[in-house]
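K.L.:
This is a predicted model, with the sequence first.
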There are 2 protein chains.
Amino acid sequence: MPRGFGRGNWHGRFRGCGYRWTIARQSVLDVLGKATRHLSAEDIYMQMHKVNPGVGLTTIYRTLELLVQMGIVIKSDFGEGRARYEMAEGPKGLNHHHHLICTGCGKVIDYTDFIDDEVELLQRTEKGLSKKYNFKISNHLIQFYGLCQVCKNK
Amino acid sequence: MPRGFGRGNWHGRFRGCGYRWTIARQSVLDVLGKATRHLSAEDIYMQMHKVNPGVGLTTIYRTLELLVQMGIVIKSDFGEGRARYEMAEGPKGLNHHHHLICTGCGKVIDYTDFIDDEVELLQRTEKGLSKKYNFKISNHLIQFYGLCQVCKNK
DNA sequence: ATATTAATGAAAATCATTTTCATTAATATG
DNA sequence: CATATTAATGAAAATGATTTTCATTAATAT
């Protein structure tokens, strides 16, 4: 198998959509593919800078927009004032998780240890919604807001 | 019952936390209390401007931050580049809804007619999480990403 | 009535993101 | 392989929401 044409065959996928395959795009996908958590545009920029110092932040923003548009990457907003990105490998992806966000202090708890019912119900919900709205659902963002133990008792 | 001391008894609640009760704060709560959908800081500013033209946008931001911190208001971010606010009357609130977001064209479908599985999913999950993480959950944000009917067939 | 100090308005500062525009480089074509 | 085409890029400027600064105002305690 030719180098770089594994798993996603990104080059082919880009060309198929009429887009060019560039160092910058490859590099963004490399960084995101290795990430174990959601990355901001600047996180990506800093990691990439070590390997490809020539790629600017603007290009990263543009690349991310494209990747989101192609459905390869998911953009999330956790209310920090900046967006975060992750590969859209679907809800089964290694780093997929939901959030508990404290409205008091802003603390965010990522949790991946879903309760059994949660997984099954979610599947059924996605199936139901797909049918009802004729949507091909590929991912989801689930966040619960409230007060953490500390803020609750103030 | 004295005027202005109904439901929330805001004045008392503010004083209890050591905060002063001001026209601006009352006015933000008035606007949010009457709203039928999530409002941006500027939405609030414009509505308030008709009644209290003296209150500036800065104060609205400061007031909203305080209200969120007190757990009276929920701040949400739908990825539009600006935050939206609503009273934290809980997920049963009139204007509560979930989103289906197309990663192809950006179209957003709000839906309120939750399917049974979805309601059950949320109830069980919220209960489980509250216990597990000692959180007082007051709201949630649920978004499903995928391709809409049109983008799916391209 | 007055003192104290939290709350405010206006303007400036910040910070993530987007736009502009001239340059570069990926691909198609000869 | 050389060259033309035009998408992709970088740098700098622009944008727009939100935050900070600082002098002034007003809510509360005395």
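P.N.:
Cool, got the structure.
K.L.:
Whichever strand in chain A runs longest and chain B in contact?
P.N.:
Scanning chain A for the longest strand, with DSSP state E as the assignment, gives strand A:136-147. Yes - judged by Cβ under 8 Å from any Cβ of the partner chain, strand A:136-147 comes into contact with chain B through A:136-147. For glycine as for every other residue, the C-beta is placed from the backbone atoms N, C-alpha and C.
K.L.:
Let me know the closest of those to B:Q47.
P.N.:
A:Y145 (24.0 Å; Cβ to Cβ).
K.L.:
Next up, the contacts around A:E89.
P.N.:
Going by Cβ atoms under 8 Å, 6 or more residues apart in numbering or on different chains, A:E89 touches A:H96.
K.L.:
how about A:R84, secondary structure?
P.N.:
Secondary structure, DSSP: H, G, I helix; E, B strand; the rest coil: A:R84 is strand.
K.L.:
That one is in contact with A:D77, isn't it?
P.N.:
Yes - contact criterion Cβ atoms under 8 Å: A:R84 and A:D77 qualify, at 7.4 Å.
K.L.:
Have a look at the two and say which one is more surrounded.
P.N.:
Per other Cβ atoms under 10 Å in any protein chain shown, whichever of A:R84 and A:D77 has more neighbours is A:D77, with 20 against 17.
K.L.:
which residues touch that one?
P.N.:
A:83-84, B:77-79.
K.L.:
From A:S76, how far out is the residue minimising distance to the centre of chain A?
P.N.:
By Cα atoms, centre = their mean, chain A has its centre lying nearest to A:E86, at 2.3 Å. For A:E86, the distance to A:S76 equals 7 Å [Cβ to Cβ, to the nearest Å].
K.L.:
re earlier: following the longest strand of chain A in sequence, what is the next regular element?
P.N.:
helix A:149-152 (DSSP states H and E).
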